[in-house]
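Q: return a 3D structure for these sequence lines:
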Amino acid sequence: MDRIIFHCDLNSFYASVELNSHANLRHLPVAVCGNPESRHGIILAKNEPAKAFGVKTADTIWKEKKKCPALVLLPAHHDQYREYSHKVNGIYQQYTDLVETFGIDESWLDVTGTLHLFGGDARTLADRLRARVRDELGLTISVGVSFNKVFAKLGSDYKKPDATTVISRENYQQIVWPLPVTDLLYVGHAAAGAFEKFSIRTIGDLARFDRELLFRLLGKNGVQLHDFACGLDTSPVAPALQYTPPKSVGNGLTFSRNLKGRVEIRAGITQLADEVASRLRRHRMKCQGVSLSIRDPGFRDISRQQRLSVPTFLAREIAQAAMGLADSCWNMESPVRALTVTAIYLLPEEDAGAQMNLWSAGLEQRRERLEKLEGVMDSIRAKYGDGAITPASSPPFQGTGRQSPPPGGMKSYPQD
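A: This is a model prediction of the structure:
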């Protein structure tokens, strides 16, 4: 028997929460944004009237105000967003204990084992959920209903706002396959660029492409995406409140003034690596790779990544790897507007320990001392605050935090 999976996506979430307190603005184009006075002033969310003007999330305020001079700007209140997210997921959990959050505004629900308790019809239950969230919280959701998680998410994206879309085994080729391949979960810029070389532009193109050839060309990731396109995703929905380890941990900053020169760029990287390492230790995980993204004042981005010889959660090693990437791809006299350091290829700390045994005893003892030292730093910060101890080389000017999102969507900040 097929599973029955819902993907529930809160529509224009931040903006909708803010408009609950500003009902008189609902008919106007509204955007939630960072500080308009700072260089970090970007659009975080927008309502439907703003979308009609072409206002886009993550673009700068000044750019979007050119499109829509009447755009109303509201400040963000992240504590309220977390509270509403908790309330929405509380409603979902009244229908199933298999509720897996995907960022602050999206959740998968597996109602296979409970649907019969609520009438037995999936579309009707999805419509009931939409009505409850709308009536009780003043928010709207779009719901995708399908037999796997990937297609359920495509369904929630298919029609917005406040809509239910059912993607079944009978209709998925008609609904899913004409969509751009970039709509498929986990197809990022790199994968899309690789697919374009082989004229794979739609999900249907990907599904019809020879699977074995795709494996030879793109490896396991290509095959997994091919399976997704063919409706073969079997990943489970994690039970509510079950801890799901992150797939990456990243941290980014847009600086109040441009960094220039190797000393300043190293200082920025060191600051970011310190936070990434601290969060890795909280998750009891180590990384086997590091990614670095650099943004210039013209909003052009360059990204590089590398594997590490030994798994780590040490700030100095993450910073050293990231700085090596910067040296390999960046002219140190060119200005840097923003940096993002991300720990990738994560594995549990206990699994990493087995690999450490391959090292010499002396090197292993040194690493143990460094790990204890950074653990002490974590304890000091936990007791006295994050600012109690910081890297000596941190930039002498304030950056504006922009925590990077998890891969594949992962959408919440920081990137865990």
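
Q: tally of neighbours for Asn148?
A: Residues lying near Asn148 (other CB atoms under 10 Å) number 21. Every C-beta, even on glycine, is put in place using the N, C-alpha and C of the backbone.

Q: shouldn't Tyr84 be in contact with Gly138?
A: No. Checked against CB atoms under 8 Å, the pair Tyr84 and Gly138 is beyond contact range at 9.2 Å.

Q: quick one, which of these two is more surrounded?
A: Neighbour totals were compared for Tyr84 and Gly138, and Tyr84 leads with 22 against 14 (other CB under 10 Å).

Q: return the residues in contact with the more buried one.
A: By CB atoms under 8 Å, 6 or more residues apart in numbering, the contact list for Tyr84 reads 13, 17, 137, 139.

Q: switch to 7 Å and redo it
A: Going by CB atoms under 7 Å, 6 or more residues apart in numbering, Tyr84 touches 17, 137, 139.

Q: so which helix or strand takes in it?
A: For Tyr84, the element it lies in under DSSP states H and E is helix 78-92.

Q: distance from that helix to the middle of the chain?
A: Distance of helix 78-92 from the chain centroid (CA atoms, centre = their mean, to the nearest Å) equals 18 Å.

Q: so which bits of it are buried?
A: Applying a neighbour-count criterion of 16 or more other CB atoms under 10 Å, one finds 81, 84-85, 88-89, 91-92 buried in helix 78-92.

Q: ok, residues contacting the next helix or strand after it?
A: Counting by DSSP H and E, the element after helix 78-92 in chain order, helix or strand, is strand 99-101. Contacts with strand 99-101, where a contact means CB under 7 Å, 6+ apart, come from 89, 92-93, 107-109, 237-238, 240.

Q: dihedrals phi and psi, Val251?
A: Actually, residue 251 is Asn rather than Val. When read as degrees, to the nearest 10, the backbone of Asn251 gives phi -150, psi 140.

Q: Val276 is in contact with that one, correct?
A: Yes. Using CB atoms under 7 Å, Asn251 is in contact with Val276, at 5.1 Å.

Q: who has more neighbours out of the two?
A: Neighbours were counted for Asn251 and for Val276 using other CB under 10 Å; Val276 has more, 28 against 25.

Q: quick one: secondary structure of the more buried one?
A: For Val276, the assignment made with DSSP: H, G, I helix; E, B strand; the rest coil gives helix.

Q: what sits against it?
A: 249-251, 318, 341, 343.

Q: dump those into a markdown table; add pLDDT and distance to Asp301 as well.
A: Below are these laid out as a markdown table (pLDDT from 0 to 100; distance: CB to CB, whole Å):
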| residue | pLDDT | distance to Asp301 |
| --- | --- | --- |
| Val249 | 92 | 19 |
| Gly250 | 91 | 14 |
| Asn251 | 90 | 16 |
| Ile318 | 96 | 20 |
| Val341 | 96 | 14 |
| Ala343 | 95 | 19 |
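
Q: same list (those) but as CSV, adding distance to Ser21 and secondary structure.
A: Shown next, in CSV, are the contacts of Val276 (distance: CB to CB, whole Å; DSSP: H, G, I helix; E, B strand; the rest coil):
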residue, distance to Ser21, secondary structure
Val249, 33, strand
Gly250, 32, strand
Asn251, 30, strand
Ile318, 41, helix
Val341, 36, strand
Ala343, 37, strand
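
Q: list just the nearest of these to Asp157.
A: Gly250 (23.8 Å; CB to CB).

Q: element containing Leu139?
A: Counting by DSSP H and E, no helix or strand carries Leu139.

Q: for it, give its distance to Asp9.
A: In this view, Leu139 and Asp9 are 11 Å apart by CB to CB, to the nearest Å.

Q: likewise Cys230?
A: 23 Å.

Q: what about these two, which has more around it?
A: Asp9 (22 against 17).

Q: burial measure for the residue lying closest to the more buried one once chain neighbours are set aside, as a count.
A: The shortest distance from Asp9 to any non-neighbouring residue, by CB to CB, 6 or more residues apart in numbering, is to Ser156 (4.2 Å). Neighbourhood size, Ser156 [other CB under 10 Å]: 28.

Q: can you check what pLDDT the model gives Ser156?
A: We have a pLDDT of 97 for Ser156.

Q: same thing with the one 3 residues further on?
A: At Lys159 the predicted local distance difference test score is 95.

Q: got it, and Ile91?
A: Here, the pLDDT recorded for Ile91 equals 97.

Q: isn't it up against Val133?
A: Yes. Counting by CB under 7 Å, Ile91 touches Val133, with 6.3 Å between them.

Q: the closest residue to Val341 other than its chain neighbours: neighbour count?
A: Computed as CB to CB, 6+ apart, the closest residue to Val341 that is not its neighbour in sequence is Leu272, at 4.1 Å. Applying other CB under 10 Å, we find 27 other residues in the vicinity of Leu272.

Q: tell me how far the host helix or strand of Leu272 lies from the chain's centre.
A: Assessed by DSSP H and E, Leu272 sits inside helix 262-282. Here helix 262-282 shows a centroid-to-chain-centroid distance of 19 Å under the convention CA atoms, centre = their mean.
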